[in-house]
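Colleague: Output the structure for:
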Amino acid sequence: MMNKHFTLAALLGLCLLATQPAHAVVINVARLGTAFQSSYRAGSATEGDHAQYALDGNTDPIFANGSITHTNTETAPWWYVDLHATRTIDTINVYNRDEGFESRLTGYQVSILDAAMNPVYTNTSPAFPNLSTSIPIGGIDGRYVRIDLPGSGKVLSLAEVEVMADVAGDDPIFLPGHNITRLGTATQSSTRFGAPKGNQPILAIDGNPDGLFSNLSVTHTNTEANPWWRVDLGSVQNVDSVQLHERADGCCNQLLNNFNVSVLDAGLNPVATVTQAGNITERFWAQFPQGTQGQYVQVQLNHSSSLQLAEVEAFYFEGNVINAARNPLAIATQSSTAFGGVASRAIDGNTDGNWGSGSTTHTAGEPGSWWEVDLGREFLLKNIQLFNRSDCCGGRLSDFRVTALLHGTTTGMWDFFTAGGSVAQGASFLFDAVTVADTVRIELVNINDHGDHVLSLAEVQIFGAISPEPGTLSLLALGGLG
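Modeller: Alright, predicted model coming up:
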């Protein structure tokens, strides 16, 4: 059931995101930020009163409903949000706690800080705060918004903080390849200890995949039959894939098993479902058929246990998929080079496999020959296509393995061999490779079916979406990607 306290501004933000406008719009950019506060209420460090609750899109002023921050009683408590980018801020809306605790917020100060955390704007609230206060800013640039409560013996509690800012229509948050759960509304079948104390569903869409429970970014249901977690995307969205990050503590990192990841329509009916039977390692990718659309993404266990999630991300690729191997930051290397068949030939945009055309790589005949490309940054991969040498020696591209890596850690592996060295050679190979990676490596596992250890490639195409960041987008756009 939708909470009636969700603001019109938050809902408008979701609608604006769905339309991908070409002009500047005003949205609540705080929903995309990460919140911090000076302390957590005594006894609740692992249970709740989380700083992120002021960014969950819920202005409900009742503490028992589980959406209000709470510091210890201390001198000059504070709360702030990192917007992760400098924004042109129009208005800041502050929502207070009710139930006779409104006066706690008396004398609070709102500041805007630049990227170096220097104040560029400060406003002191009225003597007695309202349940909600709208502060006109008028277009000041800043990255951080901070609320301070001067004095001793103070408690800082906030129901919600909205930062309304001008965002251009070509901003990365509107582009395919961006995580579309961040502006959503999360719910779950139950919350451990009961609301309002911690383990809340919002923690799986707070932008923080940290799986250590003590770091306050992991959801937790009660132990029950078929527990579920769900995010309402606010409107029907295209969903190509969903990534789950599991809890990382040694005690509980094998609890995420035998589960379904589903896209649901506006009536909560399943549109597409991916089932995982066994355990996962750190994270799990669910890829949905092209054209899948829905308003909700749901994760549900198929057995009795507690459901614990560090983060849930949903992505839509179409319109922003590029050949990442051709981006200007990509650098190819290989184990050795023979006959001038340098590694860069496999990312030159030419799929011609005739050796005489000068576009095929060639290693020496040493065991374990490999080729790899450093993409220069993280990409959300969709699929990979390899083109083989065509004039002869096609059997060299056999008994091989393709590995995707992120900061040196394997995030995906695909084998093209069987016991006994069955031929895997072909003119080209196209396969799904949904994962996040900054490097792709191809290596011979055994003696290839040409009878030597030479690895030759005509071209390697790696299709995926960039993680949107200002600056890099412009660089990639100028790269003439093929």
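Colleague: Quick one: low-confidence residue ranges for the protein.
Modeller: 1-24, 42-49, 126-128, 169-177, 193-198, 318-320, 417-427, 467-482 (pLDDT under 70).
Colleague: how's it carved up into domains?
Modeller: Structural domains annotated on the chain: 8-167, 185-315, 322-477, as defined by automatic domain parsing.
Colleague: closest one to His178 among these?
Modeller: Each of those has some distance to His178 by C-beta to C-beta; the shortest is domain 322-477, at 5.3 Å. C-betas here are computed from N, CA, C, even on glycine.
Colleague: Apart from its neighbours in sequence, what residue is nearest Val460?
Modeller: Spatially, and ignoring its direct neighbours in sequence, Val460 is nearest to Ala346 (4.7 Å; C-beta to C-beta, 6 or more residues apart in numbering).
Colleague: ok, now Phe339?
Modeller: The spatial neighbour of Phe339 that comes closest, neighbours along the chain excluded (C-beta to C-beta, 6+ apart), is His362 at 5.2 Å.
Colleague: Ok, Ser39 next?
Modeller: With sequence-adjacent residues excluded and distances taken as C-beta to C-beta, 6+ apart, Ser39 is closest to Asn72, at 4.3 Å.
Colleague: thinking the one you found is in contact with Val155, fair?
Modeller: Yes. Assessed by C-beta atoms under 8 Å, Asn72 is found in contact with Val155 at 7.4 Å.
Colleague: starting at the chain centroid, how far to stretch 256-272?
Modeller: Taking C-alpha atoms, centre = their mean, to the nearest Å, one finds the center of stretch 256-272 at 19 Å from the center of the full chain.
Colleague: Which residue ranges of the stretch 301-450 of the chain form strands?
Modeller: 304-305, 309-315, 322-323, 331-334, 370-387, 400-406, 409-416, 428-444 (DSSP state E, counting those that start in this stretch).
Colleague: thinking again about what came up before, redo the domains of the chain as JSON lines? Include distance to His178.
Modeller: Shown next, in JSON lines, are the domains of the chain (distance: least, C-beta to C-beta, whole Å):
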{"stretch": "domain 8-167", "distance to His178": "9"}
{"stretch": "domain 185-315", "distance to His178": "7"}
{"stretch": "domain 322-477", "distance to His178": "5"}
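Colleague: who wins for proximity to Asn179 among those domains?
Modeller: The nearest among the domains of the chain, by C-beta to C-beta, is domain 185-315 at 4.4 Å.
Colleague: And the closest one, end to end?
Modeller: Counting by C-alpha to C-alpha, to the nearest Å, you get 16 Å between the two ends of domain 185-315.
Colleague: From Trp355, how far out is the residue nearest to Phe339?
Modeller: Distance of His362 to Trp355, given as C-beta to C-beta, to the nearest Å: 8 Å.
Colleague: residue contacts, Trp414?
Modeller: 384, 401-403, 431, 433 (C-beta atoms under 8 Å, 6 or more residues apart in numbering).
Colleague: coming back round to it: of His362 and Trp355, give the one with the bigger neighbour count.
Modeller: His362 (24 against 18; other C-beta atoms under 10 Å).
Colleague: I'd assumed Val454 was in contact with that one.
Modeller: Yes. Taking contacts as C-beta under 8 Å, His362 lies within contact range of Val454: 6.6 Å.
Colleague: Overlap of the contact sets of these two?
Modeller: Ala338.
Colleague: Out of the contacts of Trp414, the closest to Gly107 would be?
Modeller: Closest approach between those and Gly107, by C-beta to C-beta: Ala433, at 55.5 Å.
Colleague: neighbours around that closest one, how many?
Modeller: 23.
Colleague: again, but for the one 5 residues further on
Modeller: Asp438 has 20 neighbouring residues, counting by other C-beta under 10 Å.
Colleague: ok, now Ala186?
Modeller: By other C-beta under 10 Å, 22 other residues sit near Ala186.
Colleague: which ones are touching the nearest residue to it once chain neighbours are set aside?
Modeller: Spatially, and ignoring its direct neighbours in sequence, Ala186 is nearest to Pro201 (3.7 Å; C-beta to C-beta, 6+ apart). Pro201 sits next to 186-188, 191, 219, 229-231 when contact means C-beta under 8 Å, 6+ apart.
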